[in-house]
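# give the three-dimensional model of this entry:
(one chain, ligands or ions: 2)
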Amino acid sequence: MQTKIAHIDSLDSPEAQRLIMEAGAMIRAGGLVVFPTETVYGLGGDATNPSAASRIYEAKGRPSDNPLIIHVADPADAEKYAFTCPLYEKLARELMPGPLTVILPVRQTIPQNVTASLPTVAVRCPEHPIARALIRAAGVPIAAPSANLSGSPSPTNGAHVIKDMNGRVDFIIDGGSSEIGLESTIVKIEDDGTLLLLRPGGITVEKLTALGCKVKVANAVTEGMKEGETVLSPGMKYKHYAPKASLILLDGDNEGREAFLKEKLKSSLQEGKKCALLAYSEDCAVYARLFPDARVFDFGSQANEEEQAKLLFARLRETDDFDLDEIYAPLPRQSGMGLALYNRMIRAAAHRILRV
Ligand code: TXA
Ligand code: MG
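Ligands and ions are numbered 1, 2, ... in the order given. The predicted model follows:
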């Protein structure tokens, strides 16, 4: 299939407005449009059209038991597709538009294949101006998973989506690099008013708590699925973002990591393995000197978790270009934005964590 690709830097030009209207009309006609959001790129189709939803699963190569998020231009639009509540309204007032997805009881306006027949639907109002303009132009809510092929990291720039989706969708809007770089925070509103955190993201637990919300972090956020545990968010059971090489996370302080690498990385390199390091900016020069045969990827300053979040998926994709055997990276902390990094990285590492 022929994919139209357009770059939009700002919505100010008449040409950009025309492209958005064209993409909106494609969505309304049942087509698929890849678009930027502040978290990651989305692979969008009309959320009220079951055949558009089927096309999304097909284009992504995604099992149809893993439901889609519906994107609305205005938080109040959620009421048309879900049963909202005062807590939703509070979250909407304080945090939307933004990187937050809320799971609510679904209305019949949303077809069953969008929610994988669950009694609930995931609703998000993105902040990115192109995303909001596109939803408005479409005149319908847009169902969109991350626009990666199933199994690869979520795309955070135009080159990623073109690589994964060219030939699979009608239209790709390249709007540059994603501001946040990790997918939205997902919370489920429980009957007792607790927010169950199903996926950490740009809205941190601390931020939700500061608003007076009671937050419970689902076990699967920081752990693997245990035998017999029920799946709260179907996406949790799938293997995610695994790079081709074995990613190994080092749990320890800076000295511990360096001492470990001086032994283990050196011996891997001596065995002829191709190795890489995902390293904090501050460590890159030292590592390049200590381990000249290893490839060093800079994934942001140690103190700046927002920067690490923004770079992580792009770096994981880059590692795949080098036919590597092993990649070592620091294990993030489990608070602030660190929790979202921790959650993505333990999955990418298939839970290979070494205490150093
Ligand atoms: O930032 C984001 O959320 C991006 C952008 C495009 O908005 N979207 C995204 O979608 O990450 P996706 O499909 O890759 O991840 C959505 C996750 C999946 O793990 C899915 O299982 C879960 O949300 N989900 C969707 N509907 C659900 C529901 N009703 N109950 C529980 N989990 C749900
Ligand atoms: Mg995804």
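
# around ligand 1, pick out the residues from this protein.
Applying C-beta under 6 Å from any ligand atom, we find that the chain lies next to ligand 1 at 37, 39-40, 42, 66-69, 101, 103, 115, 118, 120-122, 124, 126, 144-146, 183-184, 186, 198, 233-235. C-beta coordinates here come from the backbone N, C-alpha and C atoms, glycine included.

# pop out the phi and psi values for the residue positioned nearest the centre of the chain.
Against the mean C-alpha coordinate of the chain, by C-alpha atoms, centre = their mean, the closest residue is E183 at 2.6 Å. Its backbone dihedrals place E183 at phi -60, psi 160, with angles given as degrees, to the nearest 10.

# try L269
Dihedral angles phi and psi of L269 (degrees, to the nearest 10) take the values phi -60, psi -40.

# same check, this time on L354
In terms of degrees, to the nearest 10, the main-chain angles of L354 are phi -110, psi 130.

# can you report how many residues lie near it?
The local packing of L354 (other C-beta atoms under 10 Å) involves 15 other residues.

# against ligand 1, how distant is it?
Here the distance between L354 and ligand 1 works out to 27 Å (C-beta to the nearest ligand atom, to the nearest Å).

# one more: M165?
13 Å.

# isn't that residue right up against I172?
Yes - in this structure, M165 sits in contact with I172. The criterion is C-beta atoms under 8 Å, and the distance is 6.1 Å.

# more crowded one of these two?
With neighbours defined as other C-beta under 10 Å, M165 and I172 compare such that I172 has more, 27 against 23.

# ok so the more buried one is a strand residue?
Yes - counting by DSSP: H, G, I helix; E, B strand; the rest coil, I172 is part of a strand.

# my read: it touches V34, true?
Yes - because the distance of 4.4 Å satisfies C-beta under 8 Å, I172 is recorded as touching V34.

# list residues touching both of the two?
V161, M165 (C-beta atoms under 8 Å, 6 or more residues apart in numbering).

# and the pLDDT for A350?
In the prediction, the pLDDT value recorded for A350 is 89.

# just the element for it, please.
Applying DSSP states H and E as the criterion places A350 outside every helix and strand.

# the spatially closest residue to it that is not a sequence neighbour: neighbour count?
Counting by C-beta to C-beta, 6 or more residues apart in numbering, A350 lies nearest to A242, which is 6.2 Å off, once chain neighbours are set aside. When counting by other C-beta under 10 Å, one arrives at 16 neighbours for A242.

# separation between A242 and ligand 1?
Counting by C-beta to the nearest ligand atom, the separation of A242 from ligand 1 is 15 Å.

# related to what we said a few turns ago, the residue nearest to the centre of the chain: what's it in contact with?
E183 is in contact with T39, V40, S146, S154, R199, G201, counting by C-beta under 8 Å, 6+ apart.

# can you do 10 Å?
Neighbour list for E183: 37, 39-40, 42, 69, 99, 101, 124, 145-146, 154, 199-202, 235, 313, 340, 343-344 [criterion: C-beta atoms under 10 Å, 6 or more residues apart in numbering].

# quick one: which of those sit in helices?
Assigned to helices by DSSP state H, the following of the contacts of E183 qualify: F313, A340, N343, R344.

# relative to R93, which of those residues is nearest.
Using C-beta to C-beta, A340 is the member of the ones in helices among the contacts of E183 that sits closest to R93, with 23.0 Å.

# just to be sure, L250 is in a strand?
Yes - counting by three-state DSSP, L250 falls inside a strand.

# low-confidence bits of the stretch 1-150 of the chain, can you list those?
Nowhere does the stretch 1-150 of the chain drop to pLDDT under 70.

# how does the chain divide into domains?
By the record's domain assignment, the chain is partitioned as 4-221, 246-355 (automatic domain parsing).

# endpoints of the longest one, how far apart?
When the termini of domain 4-221 are compared using C-alpha to C-alpha, to the nearest Å, they are 37 Å apart.

# and for stretch 39-54?
Stretch 39-54 end-to-end distance (C-alpha to C-alpha) = 24 Å.

# thinking again about what came up before, what is in contact with M165 and I172 at once?
Residues within reach of M165 and of I172 at once, by C-beta under 10 Å, 6+ apart, are T3, I5, L32, V34, Y41, L43, A147.

# keep only those of the contacts of E183 that are in strands.
Residues of the contacts of E183 located in strands (DSSP state E): G42, I69, T101, R124, R199.

# show me where this structure has helices.
Taking DSSP H as the criterion, the chain contains helices spanning 14-28, 50-60, 86-95, 129-138, 158-165, 205-210, 219-222, 254-270, 281-290, 305-319, 338-348.

# residue furthest from the geometric center of the protein?
Residue distances from the centre of the chain (C-alpha atoms, centre = their mean) peak at Q270, which lies 36.2 Å from the mean C-alpha position.

# just to check, it is in contact with D293?
Yes - assessed by C-beta atoms under 10 Å, Q270 is found in contact with D293 at 9.1 Å.

# what number of residues lie near the residue in the stretch 51-200 of the chain that ligand 1 sits nearest to?
With C-beta to the nearest ligand atom as the measure, the residue in the stretch 51-200 of the chain that lies nearest ligand 1 is P145; the distance is 3.0 Å. The burial metric for P145, expressed as a neighbour count using other C-beta under 10 Å, is 22.

# redo the shared contacts of M165 and I172 as TSV? Include neighbour count.
TSV is the format used below for these (neighbours: other C-beta atoms under 10 Å):
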residue	neighbour count
T3	17
I5	15
L32	26
V34	29
Y41	29
L43	30
A147	28
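
# ok, those vs G300, which is closest?
Y41 (20.1 Å).
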